[in-house]
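*Asks:* coords please:
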Amino acid sequence: MNEIAYSTELIIRQPVQVVWRRLTSFDDYPSWNPYQKIEGEAKAGAKVRFSVNWGHVARKSVPARITAFDPPRRLEFTIGWIGFRERRWIELEPVEQGVRVRHGVRFTGWLAQIAFKHQLKAERLKPYYEAWGAALAGRGPSAAPQAGKPLNRRQRRAARKKAGA
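*Replies:* Numbering: from 1, shown residues only. I've put the predicted structure just below:
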């Protein structure tokens, strides 16, 4: 089955342990991460509640499982149901300048294929993943970027009407 994937990479000038602690202290996410909320315990195999608040996507809480937990190297969440699976992953690698952070997502399943073929585009994830990385590094804005097209026809129509007024 084909997968839709997007990933990004950045260098954070902090020790890997500091970045790992920030990623796995789910209760502290509101202090640095305005885009995601995770409820539950950070440990291998744990069931958590995962929600996002990016741009025009309404915050929806869904069950997820931590499918990779390798301190302080890899954290992965799997979200999904029949016909749709999403894997969000974060990898940390100590480097001379601090830590290299690789962050991405993979969507699989027939529903993902339909959604990305007709209404979603992986390229639309770029501003949000870049903003997430900047927030993790402590140098980003505290709100999701407003760039990019709204996700549905009604929102696009309202934006065009507002721009013309």
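*Asks:* Helix or strand with the lowest mean pLDDT in this structure?
*Replies:* Least confident helix or strand, the chain: helix 153-164 with a mean of 68, by mean pLDDT, DSSP states H and E.
*Asks:* quick one, helices of the protein?
*Replies:* 16-24, 29-32, 110-118, 126-137, 153-164 (DSSP state H).
*Asks:* Serialize those helices to JSON lines and add fields for distance to Glu91 and mean neighbour count.
*Replies:* For every residue, glycine as well, the C-beta is placed using N, CA and C. Formatted as JSON lines, the helices of the chain follow (distance: least, C-beta to C-beta, whole Å; neighbours: other C-beta atoms under 10 Å):
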{"stretch": "helix 16-24", "distance to Glu91": "11", "mean neighbour count": "18"}
{"stretch": "helix 29-32", "distance to Glu91": "19", "mean neighbour count": "14"}
{"stretch": "helix 110-118", "distance to Glu91": "22", "mean neighbour count": "14"}
{"stretch": "helix 126-137", "distance to Glu91": "13", "mean neighbour count": "19"}
{"stretch": "helix 153-164", "distance to Glu91": "34", "mean neighbour count": "10"}
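*Asks:* Figure out which of the ones you listed is closest to Gly83.
*Replies:* Ranking those by proximity to Gly83 (C-beta to C-beta) places helix 110-118 first, at 4.1 Å.
*Asks:* does Arg85 really touch Thr108, like I thought?
*Replies:* Yes - between Arg85 and Thr108 there is a contact under C-beta atoms under 8 Å: 4.9 Å.
*Asks:* Give the residues shared as contacts by the two.
*Replies:* Among the neighbours of Arg85, none is also in contact with Thr108 (C-beta atoms under 8 Å, 6 or more residues apart in numbering).
*Asks:* Great, nothing more from me.
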